[in-house]
Every structure is written in C-alpha cells, then in structure tokens.
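Asker: predicted model and sequence follow; I will ask about them next.
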Protein chains: 2
Amino acid sequence: MKSSLVAIEPNGHFCKECSIREFSVCASLDAAELREFEHLGRRVHFTAGETVFSEEDVTTSFCNLLEGVMRLYKLLPDGRRQILGFALPGDFLGMNVSGRHNFSADAIGAVTVCQFAKAAFGRFMEARPHLLRRINELAVRELSQARDHMVLLGRRSAEEKVATFLLGWREQLIPLNGPSNTVPLPMSRQDIADYLGLTIETVSRTFTRLERVGVIEIIHGGISLLDPARAEALAAA
Amino acid sequence: MKSSLVAIEPNGHFCKECSIREFSVCASLDAAELREFEHLGRRVHFTAGETVFSEEDVTTSFCNLLEGVMRLYKLLPDGRRQILGFALPGDFLGMNVSGRHNFSADAIGAVTVCQFAKAAFGRFMEARPHLLRRINELAVRELSQARDHMVLLGRRSAEEKVATFLLGWREQLIPLNGPSNTVPLPMSRQDIADYLGLTIETVSRTFTRLERVGVIEIIHGGISLLDPARAEALAAA
DNA sequence: CTGCAAAATTGATCTGGGTCAACTGGGTTT
DNA sequence: AAACCCAGTTGACCCAGATCAATTTTGCAG
C-alpha cells in the first residue's frame, strides 16, 4: 500500500499540451504564466493501491490529478474508514490550513499526478490573485459537495444512498467522457460502502435489488443505467 | 419561521469597536481599509427561529455573524433535515459559486449579523488579495471540519457521535468564552439529533446514559463535563 | 398561581442494515 | 487444467437505533 518506488519523469512536459489544462487550476493562467508554471510541476506515476499522501503527513507538495482515479479518505483509530470522495483528472489536492494533509489519498488503478512543491507554488500564487481566486472557487465548490454528502450520510436510506451515488458519479464523469448511461465503476464495492456509510453486503444487495427491478444492469466493471428517471426518484433528490 | 420584520440599524457602526473584528474576515484589513469597509456593512437583527437566508435563494449579500448562534442546514423534499453546523460570532456566511445559497440558516435565539451587499463586497475584495486569502483560509478550514463531520455521520455510533459533539462544541466555544467544562447548549435536542444524524430520542437517551455513568451532568441550558478524559475515550477520537 | 403548549424524557416494540458465514465465479499461478 | 485467491453475492440471524406512545418537565401568558 505504501508508495515505495515511484516513477518521476524528467521535466520535459509542456502545460499547453496537458489534457486537463482547461478544467483545472491552470485554466486561470495565460500563455506566459503557463510557460513559467510548467517548470514548477513534475509528473509522478502511481500504481493501483499506492498511497499518494497520508493524513497527518506534512504537506510538502500540492498535486493536480492528470490520469486515473483516486480515493480520498479518513481512518478512525480502530480502522473504520470513511471515503470522502473520489478524485478525477483535473482535481487539485493538498490545500489545507494546518500544514498537514487532513485526509489520505490512494490510487485506484494507475494514476498520474502533476506535483508542485508547496513553497514554489505558494510563491507563484503570491503574485497572481486570479490563481488564488480559481483555487478559492474550487474550494467553495468542494464545500458544496461536502454538504450534499453530509445530507446523504446523515439522512438517507441505503437505497437512496446507492441511487444518489450512481447518479452523482455518472454526473462527475460527464466532463471526462461525455454523458452516458454506461457508468464505469473503477472502485471496489468496499470503496462504495465506505463512501456511503454502509457495509459491502448492503451495497451488494442494493445493487442486485436495483437490477431486479430494472433500474440498472450490473455489467463487468460498472453498471448500465436502464431507467434514469426511476433512479432519480429512488434517490429522493 | 420566515423572516418577516427585521430591524436594520442606521449605519452608525464602527468596525474598530466591533467585538469580532480580530476573529473574522475583517482581521485581514488594516485601519484605512476598515474605515472604507465599515460603510459596506449594516447590522441586522433577527429573533429566535427566524430564517436569515434559505437554500436556493439568490445570494444578494454575505454576512458576518456578530452575536448569537445560528443553525445551518439542508432539507430533503420530504422534510428530513441535516444540520451542517452551528455558526458562532465571527463566522462568515454566504460564499458560493452558483450565485445561490446552498444551505439555509436560522437564528437560534437572538442574532445580530453584519450584512454586506454581494456586489459591493465583491468590488472591495477585487483589489485586496489579502482579504481573498483570508476568505480562502476560512473556506479551507470549513472544508476540514466538513470532512471530520462526514466521518462522524458515516462511521460513528450514537454514543461516539454525542460525545464527539459535546467535546467539539466545547472546543468551538473557547475563542468566545474561554475554556470551560460548563458547556451551554443553546440548540434544541432536535437540532442536535439533526446535526448528528440521529433521532431526538436517541440523543436524549444517550445524554441520560452519559450522565448515569458520570461523564456529564445535565444542567439547565446545557451540560457540565465532569470527566473530559472519559468523554474523549467514548468519542473514539 | 393556573393552564396550556412545546420540549424533553422514558418505556415498549419494531426494523433497516449490520454481522457472520457460506458460496460463486473470474483471474492468476504453477 | 488444477489449485488458489479474492472480490462479490447471497442467506440466516441479530442488534443499534428508529418508531410509536405515554409521561414528565419547562416555559410562559393570563
């Protein structure tokens, strides 16, 4: 699980060709700034299950997810896990106020990130309020998602949780893959359970029930959303 | 419940005498800026149970809580409620990215806020990156709290939830009242239940149980924390 | 003080989702 | 192709916390 051997590419990378440039923090930078910016970041690869950073680690760098999916989570001392969310390409990770990460992040499958030394990034941002504004915008959006998730965790039934998750995940994938009723689920059932505050068995049973009533079809590596309207209704949106 | 008659003070208010200046966003402003800033805000009073703003309302103003306690919450269509948190003096409310509030806020008891027109505040902030930085810092701190609360809602037992809440609320009150084992609880049992994802009966029973084992004493308008160490242990921090 | 309504507590019972355990099936190793 | 592994599914049973139903307590208005 621990990140042991990590490939770091030599710094021959150009932001202007970056696939996520228009989604991420970098979207706020102009051509001249990008040229300076690309010297700050270096691409780093992780394989399935590797930990990119851990809660309570001192934050030495921020990172921008380029490829792959990550799970963001917190652990209780006795090992109970709550997954806070799944990160997708374009997500910017590492902002905090204490100087330490306040959650952990693992690669689900292969992952590439663009890593920035905290100090250098901070200096670069110092003189560029538009970058700060962009980061603030992302933080506020994330807060809004966190609030929605609190409602889900505190007040929704298992079936509502699963339906809400499937619809929300489909939504999250739109900027990457375009809209589709075929929803890939790269994370395990255990990950889904820990995201929804359920057990793996309850998630599995709920999937089967949703399939039996014709709302979804369980396919290899994901689900197919057969009846989105019905799913919306079950989600009690 | 709806805010009907609201007292608005004439604008004879000076920031430099404001009780929360050093805690809140205003902490980032210098004397000259404060003089300009104080023309933007106006004090508004609310009485117990009044709604300060509602989810989905277009955001026309931000506000800074000056006195009193507020509950911040979201409702599901069928009336289930999740309280996201309790706001205390110094808290800055209203930041969002969609132009609409993404939660509702009620006064618990009498409340005074310092209200800023969104446009004017935005213009003021435009030229002052340090204010933006301060707001970002508050957003990031709030995100961290939201993540902790997700863990509580998704993975903790009723007893852990209640113990965690009491300790957390005591902590939150320190900047206002100083440290104390006498913890006022201005919110109702129902509010606590909706904050913790429990029912009012479970909260009540858990309080009684904690009292029976000598961890707390239930007093008028709050509790007294008799055995903080034991409470920490029950909270499974 | 009296009467009433809202908030809180307590008890009895029920149930959604957890726990424990067995089984299935696809993928990998030998 | 046999042996194994591990994620996922399914079934049987259980229990923490919800629900339902009285009380009891508190806060106030008259």
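Answerer: Noted; the coordinates are in hand. Numbers count the residues shown, from 1 in each chain, chains lettered A, B, ... in the order given.

Asker: ok, residue A:115 - contacts?
Answerer: Residues in contact with residue A:115, defined by C-beta atoms under 8 Å, 6 or more residues apart in numbering or on different chains, are A:41-44, A:61-64. C-beta: built from backbone N, CA, C; applies to glycine.

Asker: only alpha carbons, please: show the helix or strand it falls within as PDB.
Answerer: Under the criterion of DSSP states H and E, residue A:115 resides in strand A:104-117. Presented in PDB, the C-alpha positions along strand A:104-117 are these (Å, rounded to 0.1, in the frame of the first residue of the first chain):
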ATOM      1  CA  SER A 104      -5.300  10.300   2.800                       C
ATOM      2  CA  ALA A 105      -5.300   9.600  -0.900                       C
ATOM      3  CA  ASP A 106      -4.800   6.300  -2.700                       C
ATOM      4  CA  ALA A 107      -4.500   5.500  -6.400                       C
ATOM      5  CA  ILE A 108      -7.400   3.300  -7.700                       C
ATOM      6  CA  GLY A 109      -5.700   1.800 -10.700                       C
ATOM      7  CA  ALA A 110      -2.800   3.600 -12.400                       C
ATOM      8  CA  VAL A 111      -2.600   7.300 -11.700                       C
ATOM      9  CA  THR A 112      -0.500  10.200 -12.900                       C
ATOM     10  CA  VAL A 113      -0.300  13.400 -11.000                       C
ATOM     11  CA  CYS A 114       1.300  16.800 -11.600                       C
ATOM     12  CA  GLN A 115       3.200  17.600  -8.400                       C
ATOM     13  CA  PHE A 116       4.200  21.100  -7.200                       C
ATOM     14  CA  ALA A 117       6.500  21.900  -4.300                       C
END
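
Asker: excluding its backbone neighbours, what's nearest the residue most central in space within chain A?
Answerer: Nearest to the mean C-alpha position of chain A, counting by C-alpha atoms, centre = their mean, stands residue A:87 at 0.9 Å. Distances taken as C-beta to C-beta, 6 or more residues apart in numbering or on different chains place residue A:70 nearest to residue A:87, at 4.2 Å, with adjacent residues excluded.

Asker: on the three-state scheme, the one you found is what?
Answerer: Here residue A:70 is strand, with the state taken from DSSP: H, G, I helix; E, B strand; the rest coil.

Asker: and the gap between it and residue A:81?
Answerer: Separation of residue A:70 from residue A:81 (C-beta to C-beta, to the nearest Å) stands at 14 Å.

Asker: those two: who's more crowded?
Answerer: Neighbour tally, residue A:70 and residue A:81, criterion other C-beta atoms under 10 Å in any protein chain shown: the higher count belongs to residue A:70, 27 against 18.

Asker: what sits against the more buried one?
Answerer: By C-beta under 8 Å, 6+ apart, the contact set of residue A:70 is A:52, A:86-87, A:91, A:93, A:105-108, A:111.
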